[in-house]
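In: For reference, the sequence and a predicted model appear below.
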Amino acid sequence: MHHNPFTTMRSLKLAEGCKGTQVYALNPPPPPGGVGDKLLQHLQDHLRVNSIRSKSSRTYHHQSTSSLLPYGLPATDLLEPQIDPSLKFPDLVDKMAEVYRRIDASTNLERSRAFLEQCAVFRGLSDPKLFRRSLRSSRQHAVDVHAKVVLSSWLRFERREDELIGTCSMDCCGRILECPKASLLPGYDPETVYDPCLCSGSGGGSNGVVVNECSTSDEAFEYDMSFCIGDEEVRCVRYKIASLSRPFKAMLYGGFRETKLGTISFTQNGISVEGMRAAEVFSRTKRLDEFPPHVVLELLKLANRFCCDELKSSCDSHLARLVSTLDEAMLLIEYGLEESAYLLVAACLQVFLRELPSSMHNPNVIKIFCSVEGRERLASLGHASFALYFFLSQIAMEDDTKSNTTVMILERLVECAVESWEKQLAYHQLGVVMLERKEYKDAQRAFNTAVEAGHLYSLVGVARSKFKRDHRYSAYKIINSLISDHKAATGWMHQERSLYCSGKEKLLDLDTATELDPTLTFPYKFRAVALVEENQFNAAISELNKVLGFKASPDCLEMRAWVSVGKEDYEGALKDIRALLTLEPNFMMFNGKIHGDHMVELLRPLAHQRSQADCWMQLFDHWSSVDDIGSLAVVHDMLAHDPGNSLLRFRQSLLLLRLNCQKAAMRSLRLARNHSKLKHERLVYEGWILYDTGHREEALAKAEESISIQRSFEVFFLKAYALADSTLDPKSSEYVIQLLEEALRCPSDALRKGQALNNLGSVYVDCDKLDLAADCYTNALNIKHTRAHQGLARVYHQKNQRKAAYDEMTKLIQKAQNNASAYEKRSEYCDREMAQSDLSLATELDPLRTYPYRYRAAVLMDDHKENEAIEELSKAISFKPDLQLLHLRAAFYDSMGEGASAIKDCEAALCIDPGHADTLDLYHKARETSAAADQK
């Protein structure tokens, strides 16, 4: 038991796996009709209670619509896109290449900071794994204790372990990388950070430091002097005390009066008898473990007063090891700052950071982090870094963008910014917050400073700030000039310019924005609302379906629900709001006026009422028809009646991962773990959390522990999934097969059984056991696991039955809704012309899928249309800098003799994956060719 010394003071990652990233959207079901008056009454009651006035003054042709929506339907003149608080660049590939070169050329002392810049660049991308990988690399190469503490705490926060019931903020995950004790050890050793730490071993208590045993017996030394404190004397060994520091040596041997005295008065030096006795013991043993904290604090003061470096270092380390709770940290950080105890302050900061986000609501912690004086005190000890305030700013902005705390944190971030990229980020984020607070002059000033530091995207903030102050034409000129200065303008440039123009020019800009970057949601929303204003509700829904078919965007789900209410499709509106609340449980709808949960309560009586058994059947139908949004809505409905159902929470997480909503998926997994009453289930969910945040070995350990308690479908599934996340040799494949077969022997429902059969079939195909694979896929289809059509098509293809494979994929297309992946896969089983047609449709349905671009580019290269091939790849790279796309374009450039472009693309690709073997080979080849050309 820990003694408090201060009391006195899921599926495999395969082609057919269930954890894909494809979104499948349904058109809303037909409106039930005849219930408008009831919803009107509910909404009007809500308005009377909350006294909220509508901002929209538009009138519409349908009187029922205007009366149903007291806030009015959305209006185009009230729409504007959010400004991204992350760094954005006109040429992201160029920036990524630059970051890679900086990392590659950096020294050991510079590398951690270089990876932190990579973190800032990747923060604005859609894949959180890239950010976490960079963060791990930055921690791996951290040199000083402060950086280790900040980055280890940040890594822990990314898993949001603070939300796991029963865990302590100072718990260790088992690796040096995030170990709170290892973070307090100085030194640079990047090769060992992924090794197991000493927390669970015998060395953990001493932080891995070996302490020599020394005798404390009085008989071992001849006492030849005393210090008198009050009426008591403390007997000492003169040369041992003298060895503590130069001042003591000078006092005792330097010819001063004390040199000749046997008893020296020490009453006026601020140390107690107990403290002086401890100093005497330390002078002989060099140990502090016998003394309580308040005595060690006395020794720390004595060490500072008499320049006892060894004693100070020992006190600092000893006290640092004792800090484990927020109360202890709050008490000791003041001593640490006053006495300049570097490790003690680091230990206290570590507790504050590992207690985030809750510690940000502690006024004492806020004072330390947010005040100018607090930052200066931290800086005096080397504990006020850009990394610290970068971390804090992300949490503060997520918690409350408009709060004073967020502003103060960002002001401290600005003060810590030294390099140009740091200034760009700090001032840009400050501008975003000031804009949200409607402090437009301050916002414009911050954005301007970010632009001066080199961040051109902040010109969007400058223009928006001017626009908010009624300088519309000035805003237009800024963005128009930005577009004119760049041959390859980006989607966000045209999107922003559309705000400052009207009519056909506005629509042209929005269409251009979508063409250049189809992932931008604002153009779809604007066009949908424009259609609503023309009473074309179905066309508006269709417009929103385009983006929701590949991107589960909360704002587009809200907009589609809003429009559905306007057309009296309450079933469709309820489905979208439930899906929306799964993504963001605290979402405020209708320009922030009504909580989503309240809208569910208003709409629920007007939609079809289902029992829990009906919901299970509906979930099965949605799952089988590959309708993930509909499945999310059903699960949300079921959880409303049974919020503690950990199995449903887990299903919810699988759906969210398939929709590429990892943050929401991790939240569902944490809730599944917290609500589970069985230890073996909790271990499985903890394993998934670890696996999905890059801790594969730890996830396997959780699976083994769960199996030792009880064998279950989910634990074998988890273990098989984690083991298959690598290139499998025949022996490993056989083991994965055994695990999946074991899972199928355990109790589960048809939804999960279908996934297991599907994944088992995929492993069989990899092992060339095609008949067994076909049996698995057929059995999966018998229980309506629709995705098994794709696996069965693969079997037919392996058997050289292309027509059967094509027909099998056609069946999947007919059953699944907006299934871009099915069209993409079917293209492999037909001739070039039909393949081109399927891939064009796949791109239309989901522009984020990269294979169609690569295929079309390869065809163009085969036809010797090099420039068109480059253009095809560049089209996708501009909004999705994918590793495979960059590698292929680099290869094309290399074949065309454009060495500089090939090298830049290789560097950008290696920024994403520095270990990608094919790109490394191409990079070295291109550099050698370029160097040889320069020598000629």
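Out: Perfect, thanks for sending it.
In: what about the helices in the stretch 1-150 of the chain?
Out: Taking DSSP state H, counting those that start in this stretch, the helices of the stretch 1-150 of the chain run over residues 36-50, 63-68, 92-105, 108-122, 128-140, 145-158.
In: Ok, the stretch 651-800 of the chain next?
Out: Ranges of helices within the stretch 651-800 of the chain are 662-675, 679-692, 696-709, 713-723, 730-745, 750-766, 770-782, 788-798, based on DSSP H, counting those that start in this stretch.
In: And for the first one, what's in contact with it?
Out: By that I understand helix 662-675. 128-129, 159-160, 163-165, 582-584, 643-647, 649-650, 652-654, 656-657, 682, 685-686, 688-689, 692-693 (C-beta atoms under 8 Å, 6 or more residues apart in numbering). Where C-beta positions appear, they are placed from N, C-alpha and C, glycine not excepted.
In: If any of the residues you listed are buried, put those into a PyMOL selection.
Out: What follows is the PyMOL syntax for the buried subset of the contacts of helix 662-675, where burial is set by 16 or more other C-beta atoms under 10 Å:
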select buried, resi 128+159+160+164+582+583+584+645+646+647+649+650+652+653+654+656+657+682+685+686+688+689+692+693
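In: Can you report how many residues neighbour the residue lying closest to Asp692 once chain neighbours are set aside?
Out: Distances taken as C-beta to C-beta, 6 or more residues apart in numbering put Met666 closest to Asp692, at 6.6 Å, once the chain neighbours are dropped. Residues near Met666, counting by other C-beta atoms under 10 Å, number 22.
In: And for the one 10 residues further on?
Out: The number of residues packed around Ser676, counting by other C-beta under 10 Å, is 21.
In: Next, it: phi, psi?
Out: Phi and psi for Ser676, reported as degrees, to the nearest 10, are phi -70, psi 130.
In: my guess is it meets Leu683, correct?
Out: No. Contact criterion C-beta atoms under 8 Å: Ser676 and Leu683 do not qualify, at 9.2 Å.
In: so what pLDDT did Leu344 get?
Out: Among the per-residue scores, Leu344 shows a pLDDT of 97.
In: Pull the contacting residues for it.
Out: Going by C-beta under 8 Å, 6+ apart, Leu344 touches Asp316, Leu319, Ala320, Val323, Leu332, Ile333, Tyr335, Gly336.
In: Wait, a strand at Val234?
Out: Yes. Using DSSP: H, G, I helix; E, B strand; the rest coil, the assignment for Val234 is a strand.
In: in stretch 120-127, what's buried?
Out: Ala120, Val121, Phe122, Arg123, Leu125.
In: gap between the residue nearest to the spatial centre of the chain and Gln662?
Out: Nearest to the mean C-alpha position of the chain, by C-alpha atoms, centre = their mean, lies Pro128 at 4.5 Å. Look at Pro128 and Gln662: by C-beta to C-beta, to the nearest Å, they are 5 Å apart.
In: same thing with Tyr427?
Out: 29 Å.
In: Neighbour count: these two, which is higher?
Out: The neighbour comparison of Tyr427 against Gln662 (other C-beta under 10 Å) goes to Tyr427, with 26 against 19.
In: quick one on the thing from earlier: widest-spaced pair of the contacts of Leu344?
Out: Asp316 and Ile333 (12.8 Å; C-beta to C-beta).
In: which residues in the stretch 301-450 of the chain form helices?
Out: According to DSSP H, counting those that start in this stretch, the helices that the stretch 301-450 of the chain contains are 309-322, 326-338, 342-354, 363-370, 372-380, 386-399, 404-416, 420-436, 440-452.
In: now those helices as TSV including distance to Asn779?
Out: Converted to TSV, those look like this (distance: least, C-beta to C-beta, whole Å):
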stretch	distance to Asn779
helix 309-322	57
helix 326-338	54
helix 342-354	47
helix 363-370	57
helix 372-380	62
helix 386-399	45
helix 404-416	54
helix 420-436	53
helix 440-452	58
